[in-house]
Every structure is written in C-alpha cells, then in structure tokens.
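[1] got a predicted structure here, sequence first:
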Amino acid sequence: MDTITAIEPQKRRSNRRSIYINGQFMAGVDESVVAELGLKAGQQVDADRLAEVLHTEEIRRARESALTLLDYRARTAKELERRLLQKGHSEDAVARVLEQLEKVDLISDERFAADWVANRVAYRPTGRYRMMWDLRKKGVPPEVVEEALEQVDEEKEFEMALELAERKLGEARTRDPETKRKLSAFLQRRGFHWETVSRVFERLAPEE
C-alpha cells in the first residue's frame with residue numbers, strides 16, 4: 001500500500017490540487033475530485049484507488065469539455081461524442097459523461113431534432129428530405145427524425161417551397177424555361193421533392 005502524504009493547492013490555479021504519494025508528486029486534479037473521493041493526507045491507497053483518482057479526473061475534464069461545447073450550441077449525443085473523442089478524451093470517459101448529461105436532460109436527441117426542425121421551418125425553409133438527411137448526418141436515430149418531421153406535413157412543405165420561390169422570383173411570374181430550370185434546381189437543393197416543386201410552378205405560373 002502507498003500513502004497520500006500531501007494534498008496541496010496549486011499556486012497558479014486555486015481550484016487545482018497536487019496529490020503526493022510517498023512524498024512524490026502523483027497527479028494534479030480538480031478540488032471537486034478530492035472532495036468526491038474523500039481524499040486526505042495520511043490515507044493508505046492501492047493501485048486500484050490511484051487509478052480511480054485518475055479516471056475520476058479524466059471524466060471531470062471530459063464533462064467540462066462537453067459543457068463548454070454545449071454553451072456554444074445544442075448538439076446531438078453523437079455530435080458531442082465525436083467532438084469529445086477528437087479532443088482526446090477516452091471512450092469510457094465520454095460514455096460516462098454522455099450518460100450523466102442525458103440523466104440531467106442537458107442533451108436530448110428528441111428535443112434537439114424537434115427544435116432543429118422548428119427552426120428550419122421558421123427561419124430557413126427546407127424540404128423534409130433535406131431535413132431528414134441533415135439530422136441523420138448529425139447522428140439522430142431514424143425513429144427520432146421521423147417523429148420530429150411529423151410537424152412538417154405536405155401542405156406545410158408546399159407553403160415553405162412557395163415562400164422560397166416567391167422570394168427568389170420577386171415580382172416576376174414566368175414560364176420561361178431557363179428561369180424554371182434554375183428555380184427547380186434551387187428548390188430541389190433545399191430538399192423539396194419534384195411533386196412539391198411542380199405544385200409551386202402551378203401556383204406561380206399556371207398553364208394557359
């Protein structure tokens with residue numbers, strides 16, 4: 001068994017503690033880790049206990065990284081996992097952090113998808129197909145995507161496509177083939193199916 005001979009505040013970071021084992025520096029950890037594990041000078045510790053100290057600090061650091069990322073914007077669980085792994089946090093620490101954040105409702109794929117679709121409808125009209133594709137790329141499970149897209153029915157999708165087309169055309173209403181081609185390509189890039197695009201053409205430039 002080894003002994004914790006000292007736990008000292010670090011000079012440059014008051015919230016950090018330096019842990020000394022048998023008189024030798026072992027690791028620097030956050031003060032919350034010391035409190036969480038009940039570490040004190042004079043305690044006897046074995047290799048497993050020391051590993052637990054380091055692992056608890058690793059989880060804390062991964063959690064801090066996750067909260068910083070979430071401060072910038074909401075993210076799916078998969079997005080958060082990718083970013084944390086890219087930052088060098090271990091798979092186990094990342095998994096533990098995601099579990100913790102889901103428990104306290106700081107991440108929710110269901111809420112993310114619903115809010116994301118609502119935002120697209122309100123501020124950046126996009127077709128259901130494009131929204132589905134984008135959400136899947138963000139790691140949202142298929143069943144969650146389908147549930148979120150229930151708020152966009154066929155008529156709502158048509159209204160969004162029509163609004164975009166009217167903005168693009170301005171006051172013009174034309175059946176000019178080139179204009180029609182460009183408008184069609186624009187709407188399809190935004191994820192609207194050809195059936196919806198055809199309805200838009202019928203509304204804006206009905207046949208004689």
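    Received the coordinates, thanks.

[2] and the gap between the residue nearest to the spatial centre of the chain and residue 136?
    Nearest to the geometric centre of the chain sits residue 75, at 1.5 Å (C-alpha atoms, centre = their mean). According to C-beta to C-beta, to the nearest Å, residue 75 and residue 136 sit 15 Å apart. For every residue, glycine as well, the C-beta is placed using N, CA and C.

[3] tell me the helix or strand right after the top helix by length along the chain.
    In the chain, taking DSSP state H as the definition, the longest helix is helix 47-72. Next helix or strand after helix 47-72 toward the C-terminus (DSSP states H and E): helix 77-86.

[4] please name every helix or strand in contact with that next one.
    helix 47-72, helix 91-103 (3 or more C-beta pairs under 8 Å, 6 or more residues apart in numbering; DSSP states H and E).

[5] pLDDT weak spots in the protein?
    170-175, 206-208 (pLDDT under 70).

[6] repeat the analysis, applying 50 as the threshold.
    Where the chain drops to pLDDT under 50, the residues are 208.

[7] please enumerate the strands of it.
    Taking DSSP state E as the test, the strands found in the chain are 2-9, 16-21, 24-30, 44-45.

[8] need these in TSV (columns: distance to residue 131 and mean neighbour count).
    Shown next, in TSV, are these (distance: least, C-beta to C-beta, whole Å; neighbours: other C-beta atoms under 10 Å):
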stretch	distance to residue 131	mean neighbour count
strand 2-9	51	15
strand 16-21	44	18
strand 24-30	40	15
strand 44-45	53	14
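
[9] any idea which of these gets closest to residue 87?
    Smallest distance to residue 87 across the strands of the chain (C-beta to C-beta): 17.0 Å, for strand 24-30.

[10] what's that closest one in contact with?
    Here strand 24-30 makes contact (C-beta atoms under 8 Å, 6 or more residues apart in numbering) with 10, 15-20, 50, 53-54, 56-57, 60.

[11] and the gap between residue 133 and residue 108?
    Distance from residue 133 to residue 108, counting by C-beta to C-beta: 21 Å.
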